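Engineer: what shape does this take:
(chains A, B, C and D)
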2 protein chains.
Amino acid sequence: MPAQISRLADFLPYLLSVTSNAVSGRIADEYNARFGLRIPEWRVMAVLGDAGSQTQRALVGATLMDKVAVNRACKVLEDRDLIKRSPNIRDGRSHHLELTVSGKAMHGQIMPLALEMEALLFAEFTAEECATFKSLLGRVRRRVQDLSPEGQMKDRAT
Amino acid sequence: MPAQISRLADFLPYLLSVTSNAVSGRIADEYNARFGLRIPEWRVMAVLGDAGSQTQRALVGATLMDKVAVNRACKVLEDRDLIKRSPNIRDGRSHHLELTVSGKAMHGQIMPLALEMEALLFAEFTAEECATFKSLLGRVRRRVQDLSPEGQMKDRAT
DNA sequence: GCGATTTGGTTGCATTAGAGACTAATTATG
DNA sequence: CATAATTAGTCTCTAATGCAACCAAATCGC
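Structural biologist: Numbering: from 1, shown residues only, chains lettered A, B, ... in the order given. Here you go, the predicted model:
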């Protein structure tokens, strides 16, 4: 290994991307292996389990995923009988989505695993470093939003 | 009522993913608009411009991208006459890849833009915070590698 | 109330990424 | 050397992701 290959390795957006992909990949493998869930599906489960009944619209806001991604995730989860739809009286276009009994059961297994994974991945961080990391991530993200060319709010979350 | 079952918004891997996607998306738009380059192509240009002639194999190591992604990026860049191949005397399977004259010209424009974007995105960070951020990212990434099930080294970089 | 506009959700299509098979060249083994 | 095992690169097929067009219900303006 040559000592210094390129300045690419010092480029923050590159480091961010590589790290994020490594972490996401590792976690995706885990969820897929244990529950047959992909990340978009997992995110929907997490939000519904935590915040209760939600419309797709609300899920888009909570997960920062594209509405198409949310829709597809919901369809998969519904087919697997992990969530169910009930009519939205206040708005006939949408439905309320919530975990079924088996969905809740899975959620009860999923969340501990999530926390376990998080603890494992960030085991070397002190509580303070975790807080710093979160804070820095939040600031960058807000910064990007502020800089974004006029209101263009694409949901690129994966 | 179990105390706070971890919300998605507090989950570090999620924050990391969302932030990374926001940053990557913003930068991708910029490169695409100005040079018609996508991120894999940009990364190859960056490495070749900085480190000179490289094989695809070396580019895989330097960019942490899949060999297929590197291959495709090289093909595109070659078609656009931004890089050229020359035979590798020491190994007939591979070629040396390097920037052409126009490739160098573009590289000369690209890199300042990259640094400009980085400065813009992280303008609110002090030098120390940038260093901290880099360090934390590096530690997480190494951690993931160390935890990875024995030797499986998928290159998931986007 | 009635047309125009907006919004939630869905579908289809195009683009992209990734795993695996395959070729050609190199290195290891006997 | 001859053969086996490895490696660099390429190709192909399939899955995933995102955008844009679209439909239906709700809201706005008169």
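
Engineer: right, and the helix or strand after the helix or strand encompassing residue A:109?
Structural biologist: Assessed by DSSP states H and E, residue A:109 sits inside helix A:101-121. The first helix or strand that comes after helix A:101-121 along the chain, using DSSP H and E, is helix A:127-147.

Engineer: now that following helix: how far from the chain's centre is it?
Structural biologist: 16 Å (C-alpha atoms, centre = their mean, to the nearest Å).

Engineer: low pLDDT regions in chain A?
Structural biologist: Chain A contains residues with pLDDT under 70 at A:1-6, A:149-158.

Engineer: is any residue of the biggest helix by length in it near DNA strand D?
Structural biologist: Longest helix of chain A, by residue count under DSSP state H: helix A:12-35. No. Applying C-beta under 7 Å from any atom of the strand, one finds helix A:12-35 separated from DNA strand D by no less than 7.8 Å. Quick note: C-beta positions are derived from backbone N, CA and C, even for glycine.

Engineer: the closest residue to residue A:41 other than its chain neighbours in helix, strand or coil?
Structural biologist: Of all residues not flanking residue A:41 in the chain, residue A:73 sits nearest, at 4.5 Å (C-beta to C-beta, 6 or more residues apart in numbering or on different chains). Here residue A:73 takes the helix state, with states given by DSSP: H, G, I helix; E, B strand; the rest coil.

Engineer: ok, whatever residue of chain A ends up closest to DNA strand C to residue A:52 distance?
Structural biologist: Residue nearest to DNA strand C within chain A: residue A:94 (2.6 Å; C-beta to the nearest atom of the strand). According to C-beta to C-beta, to the nearest Å, residue A:94 stands 15 Å off from residue A:52.

Engineer: neighbour count winner among those two?
Structural biologist: residue A:94 (15 against 11; other C-beta atoms under 10 Å in any protein chain shown).

Engineer: centre-most residue in chain A?
Structural biologist: Ranked by distance to the mean C-alpha position of chain A (C-alpha atoms, centre = their mean), the top residue is residue A:43 at 4.6 Å.

Engineer: tell me who's in contact with it.
Structural biologist: A:63, A:65, A:73, B:8, B:14 (C-beta atoms under 8 Å, 6 or more residues apart in numbering or on different chains).
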